[in-house]
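Novice: Dropping a prediction and its sequence here:
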Amino acid sequence: MTYKRHCFHILATILSTTFFLAVPNISPAGDISLPRYSKDARLAAFHTPSGMGLSRIEVIEDDPVTEVLSMYEVDIWDRIRRGFAIPDLENPRVTSHENYYLKNQDYFDRMTSRSSLYLFHIVQELEKRGMPTELALLPFIESAFNPYARSSAKAEGMWQFIPSTGRHYDLAQSVFRDDRRCVLSSTEAALNYLQNLYSMFGDWHLALAAYNWGEGSVSRAVRKNRARLQPVDFNSISARMPAETRNYVPKLQAVKNMIAHPDQYDIRLPKIENQPYFVKIGKTHDIDVKVAAKLAELSIDDFRALNPQFGQYVITGGPDVSLLLPRENAQKFKENLENWKQPLSSWTAYQVMEKRETVESIAEKYHTTPDVIRHANHIPSRMALKFGSTVLVPKLASSGNRNETDIAPEVSANGKLVLERIGAPTRIVKVKVRKKDSLASIAKRYKTSVDDIKSWNQLTSNRVASGSILRVHVPAKAAPAPSRRNAKKVRSRNYAAAKKQKPANTTTSKNAHKQAAVVHEPKHSKSGKKDV
């Protein structure tokens with residue numbers, strides 16, 4: 001008994017040392033607070049970095065400390081498998097999607113590798129709520145775990161919230177910040193939404209279909225089946241669904257099968273440790289993205305992968321603003337910030353308060369060029385600012401100390417960019433990117449510029465994935481003149497219609513049969529999601 005007490009004393013010392021060595025003045029993210037009832041969550045609490053010295057502890061058989069150390073063998077994939085709770089979907093489309101992923105192993109590997117940053121947090125939040133861990137795999141289907149994924153329906157982020165649903169679940173959207181891309185906020189909103197859908201339908205397959213198709217659409221399909229005394233499970237109502245939704249849940253089942261039995265499918269999942277990847281630190285002052293990445297000693301891409309909700313140039317400060325950083329970089333950020341002597345931010349906000357203000361006049365006011373302002377705010381060359389817009393502009397050299405000109409919290413939270421077209425009217429066409437396409441080739445084809453296409457689609461890179469849907473402005477054209485054959489048919493229809501009408505209406509209905517021009521766009525899926 002004395003020996004066991006001694007072992008537990010050693011264990012307590014290890015744990016207290018671990019928590020003592022945590023980064024000072026840095027609050028852990030929500031995914032570090034472990035639920036008491038979750039066995040796997042408790043295991044994760046003991047999984048400490050190798051640098052803590054635990055590897056030097058002598059391992060003794062039947063020793064309590066050894067039992068704790070053996071818990072480290074659980075990785076995040078095993079933890080996900082243990083929480084599976086949604087009944088398997090028996091559907092022929094599952095096999096076809098499994099075959100697709102197996103034939104595109106690079107794509108599947110890219111998704112699983114990208115997920116390593118976020119999976120622990122998502123699984124942690126699911127366990128806190130007692131939700132099935134299959135839902136942690138949903139971003140594979142929604143966005144390929146790309147927090148910058150954007151659909152043609154204007155859905156954003158890993159969980160693909162459209163603007164209205166995002167606002168309904170309190171996801172802030174402004175020119176400086178879009179919480180639909182925020183790792184923490186979007187995950188919380190998505191799980192809230194999924195819980196609500198499950199409460200509505202009492203069936204996870206239908207809840208998932210509603211996440212993609214909308215609860216109203218699924219409810220109508222359920223009512224129609226019930227009225228015909230037909231079953232109301234996913235397979236029974238799938239005939240009423242659009243093609244994307246019919247494939248949505250089978251795709252998730254395919255990914256679930258491959259994660260559950262990787263050996264059976266001859267795939268290798270990347271090692272993802274069952275511990276938090278990041279911590280959360282508060283941010284009270286504005287800071288440039290490149291400065292924040294430099295202080296954290298991270299590349300811009302790695303920094304933005306954890307903080308995708310912020311704009312390309314500046315992170316606005318405030319009491320509710322936080323950054324996510326890898327655990328090992330958080331202390332570096334704090335130390336480098338204390339020694340930083342230069343301004344933290346080189347940008348500020350300007351609100352358009354006069355109707356005749358232009359990009360050119362604002363550029364002159366801030367001693368910069370129109371191209372700088374257009375590029376920083378994604379304003380196409382043929383677009384003008386409307387009254388009330390908020391734009392990002394360089395700080396003037398006379399701004400004073402490094403923090404006194406921070407962007408006001410109300411401007412940061414509510415700033416909007418509203419544009420109007422200059423010159424001849426245009427129409428928007430939706431262009432599906434082909435395998436050999438580039439932004440330059442598309443710009444040449446439609447007689448526009450790469451910068452304009454990037455602005456219209458809010459792209460930050462010149463790379464674009466095959467299959468993506470781009471919005472392109474082209475000159476509006478008048479309706480083409482009908483051919484002789486069609487003109488004859490139109491005259492015949494007009495004559496027949498005129499005979500049926502009363503004489504008093506003949507004059508007023510003379511132009512009623514003019515045909516509007518119809519623009520035929522390339523067909524694409526409802527969501528238009530892309531993998532980048």
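Specialist: That came in fine, so what should we check first?
Novice: so where is this protein shaky, pLDDT-wise?
Specialist: 1-73, 398-404, 423-424, 477-532 (pLDDT under 70).
Novice: please redo it, this time with the cut-off set to 50
Specialist: 1-4, 11, 14-72, 478-481, 490, 495-532 (pLDDT under 50).
Novice: Can you give me every residue that contacts the residue positioned nearest the centre of it?
Specialist: Centroid check for the chain by CA atoms, centre = their mean gives residue 157 as the closest residue, at 0.6 Å. Contact analysis of residue 157 by CB atoms under 8 Å, 6 or more residues apart in numbering lists 143, 147, 148, 149, 178, 180, 181, 182, 186, 308. Bear in mind the C-beta positions are built from the backbone N, C-alpha and C, glycine included.
Novice: One more pass at 6 Å, please.
Specialist: By CB atoms under 6 Å, 6 or more residues apart in numbering, the contact list for residue 157 reads 147, 180, 181, 186.
Novice: Pick out the one among those with the largest number of neighbours.
Specialist: residue 180 (30 neighbours; other CB atoms under 10 Å).
Novice: so how far is residue 157 from that one?
Specialist: 4 Å (CB to CB, to the nearest Å).
Novice: now do residue 175
Specialist: Residue 175 is 17 Å from residue 157, by CB to CB.
Novice: hey, where'd the strands end up in this protein?
Specialist: Secondary structure of the chain (DSSP state E): strands at 278-282, 287-288, 314-315, 322-326, 347-351, 383-385, 390-394, 419-421, 426-432, 469-475.
Novice: possible to save these as a markdown table with distance to residue 460 and mean neighbour count?
Specialist: Output for the strands of the chain, formatted as a markdown table (distance: least, CB to CB, whole Å; neighbours: other CB atoms under 10 Å):
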| stretch | distance to residue 460 | mean neighbour count |
| --- | --- | --- |
| strand 278-282 | 22 | 20 |
| strand 287-288 | 15 | 22 |
| strand 314-315 | 14 | 26 |
| strand 322-326 | 19 | 22 |
| strand 347-351 | 16 | 19 |
| strand 383-385 | 18 | 20 |
| strand 390-394 | 14 | 21 |
| strand 419-421 | 18 | 13 |
| strand 426-432 | 19 | 15 |
| strand 469-475 | 14 | 17 |
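Novice: Out of these, flag the one nearest residue 200.
Specialist: Evaluated over these, closeness to residue 200 peaks at strand 469-475, with 30.4 Å, by CB to CB.
Novice: Send over the closest one as PDB, restricted to the C-alpha atoms.
Specialist: Provided in PDB are the C-alpha atoms of strand 469-475 (Å, rounded to 0.1, in the frame of the first residue of the first chain):
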ATOM      1  CA  ILE A 469     -16.800  28.200 -60.100                       C
ATOM      2  CA  LEU A 470     -15.600  31.800 -60.700                       C
ATOM      3  CA  ARG A 471     -17.800  34.900 -61.100                       C
ATOM      4  CA  VAL A 472     -16.700  37.000 -64.000                       C
ATOM      5  CA  HIS A 473     -18.200  40.400 -65.100                       C
ATOM      6  CA  VAL A 474     -18.600  40.800 -68.900                       C
ATOM      7  CA  PRO A 475     -20.300  43.500 -70.900                       C
END
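Novice: Would you list the strands that it pairs with, along with their directions?
Specialist: strand 426-432 (antiparallel) (DSSP bridges).
Novice: Kindly format the C-alpha coordinates of the partner strand as CSV.
Specialist: Written as CSV, here are the backbone C-alpha positions of strand 426-432 (Å, rounded to 0.1, in the frame of the first residue of the first chain):
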residue,chain,number,x,y,z
THR,A,426,-22.3,44.3,-67.2
ARG,A,427,-23.6,40.9,-66.4
ILE,A,428,-22.1,38.1,-64.3
VAL,A,429,-21.3,34.8,-65.8
LYS,A,430,-20.2,31.8,-63.8
VAL,A,431,-17.2,30.1,-65.2
LYS,A,432,-16.2,26.5,-64.3
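Novice: How far off centre is it?
Specialist: Remark: strand 426-432 is offset 23 Å from the chain centroid, using CA atoms, centre = their mean, to the nearest Å.
Novice: which residues are common contacts for residue 180 and residue 157?
Specialist: In contact with both residue 180 and residue 157: residue 186, using CB under 6 Å, 6+ apart.
Novice: that older thread, could you dump the strands of the chain to a markdown table with distance to residue 208?
Specialist: Output for these, formatted as a markdown table (distance: least, CB to CB, whole Å):
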| stretch | distance to residue 208 |
| --- | --- |
| strand 278-282 | 27 |
| strand 287-288 | 39 |
| strand 314-315 | 34 |
| strand 322-326 | 27 |
| strand 347-351 | 40 |
| strand 383-385 | 39 |
| strand 390-394 | 37 |
| strand 419-421 | 37 |
| strand 426-432 | 26 |
| strand 469-475 | 23 |
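Novice: now for the ones you listed, which one comes closest to residue 218?
Specialist: strand 469-475 (24.7 Å).
Novice: still on that earlier bit, the strands of the chain: which one's closest to residue 454?
Specialist: strand 469-475 (9.6 Å).
Novice: which other residues reach that closest one?
Specialist: With CB under 6 Å, 6+ apart, strand 469-475 has contacts from 152, 426, 428, 429, 430, 431, 432, 446, 456, 457, 524, 528.
Novice: What is the nearest of the residues you listed to residue 353?
Specialist: residue 456 (26.1 Å).
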